[in-house]
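> Mind looking at a prediction? Sequence and model below.
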Amino acid sequence: MPMFNLSGMSNESKEKNYDVVIVGAGPGGLSSAIYTARAKLKTLVLEKAIEGGQINLTNMVEDYPGFVSISGEELADKFVEHAREFGVSFANEEAMEMDLSGDVKKIKTDFGNEYTAKVVIMDTGSNPRKLGVPGEDEFANHGVSYCAVCDGSFFKDKPVVVIGGGDSAIEEGIYLSKISSKVSVIHRRDKLRAQKIVQERAFKIPNMNFFWNSVVTEIGGGNSVEYVLLKDVKSGKITKHSTSGAFIYVGLVPNSKLVENAVETDDHGFIITDEHMETKVKGVYAVGDVRKTVLRQVVTAAADGAIAAVDLTKYFD
Ligand code: NAP
């Protein structure tokens, strides 16, 4: 995924000891940061890529209260601006090693800095799940993409397929329909998982069509993607479908490797917390997409962040 460290800068301040270090600047982490800073806790947010996280890669957000429609990038900017306004420190650094066992947690980064904090909040988010078919890796950046906002413009007036039936697939498919000549959604069932309002919108788009009960078994071509092989899961029949691009939205993989031996995770790697967002390790919290939860939205990530931030004040009484 094309995530860039835009500023390439290490910690803005020389300070290494904090009350709270938040790993990841998604809506969950930034929401926590706003609350902890307002509680006068010295707060550092570490972000290896873009402050604001994955919403930067979302075309439009239409379900965050207060904004009928706002670009993901603009909403991310507003979260960051809000946190800065209350004195949160930021560092464009990647947490590489963490010692979470004691009362003082230690976090080493790729800039060689070691930070300490009484409380750590993990907001490390998730990455797109791979489909795992032949051609997927071979054609990465040559027609295979996981980010319509990043790569959509390469497919102006060309046909593309979108694989998946969740919110990401359908919302990004709608975005692509304005650029591409045709968007074919390939879904393994006969019903979409995406929100109904998004489905209704998609069904009305003339250059969007749907291949139900179908899976992609191969992505093929020459120098770039030229076709996908589609298998009808009911009949087993395989057909060749010409396309210039394959946008894959088949779910998320949590970024929890850094702490998988320290905290409890589920079978998929999502971090398990209690209702206060605290993990089994005292003083270690998880918020947003990386957490095992029933709903992954900007609003739920922000709510996770607020709950964690209020709960963690117990360590500073
Ligand atoms: P998702 O909700 O997990 O949907 C993944 C889709 O891919 C499902 O339709 C699934 O099919 C399909 N799929 C999974 N594995 C597959 C495979 N191996 N082959 C073919 N198809 C496969 O993932 P997402 O759409 O990325 O969304 C992730 C989370 O973010 C969700 O909680 C979602 O609500 C949230 N989100 C929210 C918004 C928003 O609120 N605006 C926008 C984007 C994402 P089945 O349906 O058959 O399982």
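The structure has been received and is ready for your questions. Numbering: from 1, shown residues only.

> how deep is residue 25 tucked in, by neighbour count?
Residue 25: 28 surrounding residues under other CB atoms under 10 Å. Where C-beta positions appear, they are placed from N, C-alpha and C, glycine not excepted.

> Now do the closest residue to it other than its chain neighbours against residue 81, distance only.
Excluding its sequence neighbours, the residue lying closest to residue 25 (CB to CB, 6 or more residues apart in numbering) is residue 47, at 3.8 Å. Using CB to CB, to the nearest Å, we find residue 47 at a distance of 14 Å from residue 81.

> thinking again about what came up before, can you pull the contacts of the residue nearest to residue 25?
24-25, 53, 90-93 (CB atoms under 8 Å, 6 or more residues apart in numbering).

> Near the ligand, which residues of this protein are found?
63, 131, 164-169, 171, 188-189, 193, 215, 249-252, 295-297 (CB under 6 Å from any ligand atom).

> So which of those sit within helices?
When DSSP state H is applied, those are split such that 167-169, 171 fall in helices.

> Pick out whichever of the contacts of residue 47 sits closest to the ligand.
Nearest to the ligand out of those is residue 53 (CB to the nearest ligand atom; 12.2 Å).

> Next, give phi and psi for the nearest residue to that closest one once chain neighbours are set aside.
Nearest non-adjacent residue to residue 53, counting by CB to CB, 6+ apart: residue 26, 3.1 Å away. Main-chain dihedrals, residue 26, degrees, to the nearest 10: phi -80, psi -180.

> Report the separation between residue 26 and residue 14.
To residue 14, residue 26 is 26 Å away according to CB to CB.

> more neighbours, the two?
Between residue 26 and residue 14, counting by other CB under 10 Å, residue 26 is the more crowded of the two (32 against 6).

> List the contacts of the more buried one.
Contacts for residue 26 (CB under 8 Å, 6+ apart) come out as 52-55, 123, 125, 288-289, 301.

> repeat that for 6 Å
Each residue near residue 26 by CB atoms under 6 Å, 6 or more residues apart in numbering is listed here: 53, 123, 125, 288.

> for the host helix or strand of residue 311, packing partners?
Using DSSP states H and E, residue 311 sits in helix 298-311. Judged by 3 or more CB pairs under 6 Å, 6 or more residues apart in numbering; DSSP states H and E, the packing partners of helix 298-311 are helix 27-38.

> relative orientation of the helix it packs on and helix 298-311 in degrees?
Angle of helix 27-38 versus helix 298-311, following axes from the mean of the first three to the mean of the last three CA atoms, to 10 degrees, is 30 degrees.

> Can you name the next helix or strand after helix 27-38?
Downstream of helix 27-38, the next assigned helix or strand under DSSP H and E is strand 43-46.

> rewinding a little: quick check: the gap between the residue nearest to residue 25 and residue 316.
Residue 47 is 24 Å from residue 316, by CB to CB.

> hmm, back to that, could you provide the contacts of residue 47 in a markdown table, with additional columns for distance to residue 273, secondary structure and pLDDT?
Formatted as a markdown table, those follow (distance: CB to CB, whole Å; DSSP: H, G, I helix; E, B strand; the rest coil; pLDDT from 0 to 100):
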| residue | distance to residue 273 | secondary structure | pLDDT |
| --- | --- | --- | --- |
| 24 | 15 | coil | 98 |
| 25 | 19 | coil | 97 |
| 53 | 18 | helix | 89 |
| 90 | 24 | strand | 96 |
| 91 | 24 | strand | 96 |
| 92 | 27 | coil | 95 |
| 93 | 24 | coil | 96 |
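
> of all those, which comes closest to residue 175?
Residue 175 lies nearest to residue 53 out of the contacts of residue 47, by CB to CB, at 18.5 Å.

> Look up phi and psi at the residue of the stretch 1-150 of the chain found nearest the ligand.
In the stretch 1-150 of the chain, no residue comes nearer to the ligand than residue 63, which is 4.9 Å away by CB to the nearest ligand atom. Note on residue 63: its backbone torsions stand at phi -130, psi 30 [degrees, to the nearest 10].

> what are the ranges of the helices in the protein?
27-38, 72-85, 148-151, 167-177, 196-203, 298-311.

> what helices or strands is the fourth one leaning on?
What it means is helix 167-177. helix 148-151, strand 159-163, strand 182-186, helix 196-203.

> looking at those, which is buried most?
Between the helices and strands packed on helix 167-177, strand 159-163 has the highest mean count of neighbours, a mean of 25, where neighbours are mean count of other CB atoms under 10 Å.

> Run through who's touching that strand.
Contacts of strand 159-163 (CB under 6 Å, 6+ apart): 169, 173, 176, 180-186, 216, 228, 243-248.

> List only buried entries from those.
The neighbour-count criterion (16 or more other CB atoms under 10 Å) marks 169, 173, 176, 180, 182-186, 216, 228, 243-248 among the contacts of strand 159-163 as buried.

> now the helices and strands packed on helix 167-177 in a markdown table, with distance to residue 18?
Conversion of those to a markdown table gives the following (distance: least, CB to CB, whole Å):
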| stretch | distance to residue 18 |
| --- | --- |
| helix 148-151 | 33 |
| strand 159-163 | 42 |
| strand 182-186 | 45 |
| helix 196-203 | 40 |
